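J.: After the sequence you'll find the predicted model.
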Amino acid sequence: MKHKRPNYLWSLLTMRCPKCRRGDMFKDKNPFHVKFSKIFNMYDNCPVCGQKYELETGFWFGTGYVSYALSVAFSVFNLIWYAVFFGITWRDNSIFIWLGVNGVLLVLIQPWLMRISRVIYLYFFVYYDEDAVEEAGKNK
């Protein structure tokens, strides 16, 4: 019996396993309620389908590139809305105000940004398998 296919974007944003899109990747769902040292407290394998999350030693080093790209996109988005609503000029130092606001916002979203970078990076390498849950049930 086939299950309804979970939405790709919703599964990614809720940080679900890329293979079954049902199992949680992180033990603590909210990155802002945990100590910073436990921000990457992940399961070794998906609790639903058994997909291994760390595919090889040092696998997560690539997430730095994803995090950098997300930070740049976030900063460009902030620059656009700030320029539209407040305007940016060198004469009144508004560019420095934007830099300060953007820096504070980046620091505030950093725990979420670090986690979503891991999720996006894993989604590059592991693809959805609609039979993953049934196969995991047979292997148990």
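T.: Yep, that arrived. Numbering: from 1, shown residues only.

J.: Name the SS class of Thr57, please.
T.: Recorded secondary structure, Thr57: coil (DSSP: H, G, I helix; E, B strand; the rest coil).

J.: Determine the longest helix present in the chain.
T.: Longest helix in the chain by number of residues, with DSSP state H as the criterion: helix 94-125.

J.: quick one: that one to chain centroid distance?
T.: From the chain centre to the centre of helix 94-125 is a distance of 10 Å (C-alpha atoms, centre = their mean, to the nearest Å).

J.: With stretch 30-40 instead?
T.: Here stretch 30-40 is found 13 Å from its chain centre; the criterion is C-alpha atoms, centre = their mean.

J.: What segments of the chain are helices?
T.: Counting by DSSP H, the helices of the chain are 8-13, 63-85, 94-125, 132-139.

J.: For the shortest one, name the packing helices and strands.
T.: Meaning helix 8-13. With contacts defined as 3 or more C-beta pairs under 8 Å, 6 or more residues apart in numbering; DSSP states H and E, the packing partners of helix 8-13 are helix 94-125. To be clear about C-beta, it is placed using only N, CA and C from the backbone, and glycine gets the same treatment.

J.: What residues of the helix it packs on count as buried?
T.: Neighbour-count burial for helix 94-125, with 16 or more other C-beta atoms under 10 Å as criterion, is recorded at 98, 102, 109, 111, 113-123.

J.: Quick check, central residue of the protein?
T.: Closest residue to the average C-alpha location of the chain: Ile116 at 0.8 Å, with C-alpha atoms, centre = their mean.

J.: and that residue, how far is that from Phe26?
T.: 11 Å (C-beta to C-beta, to the nearest Å).

J.: Surely Cys20 touches Pro47?
T.: No - the pair Cys20 / Pro47 is not scored as a contact, 9.7 Å apart, by C-beta atoms under 8 Å.

J.: These two - which one has more neighbours?
T.: Cys20 (26 against 15; other C-beta atoms under 10 Å).
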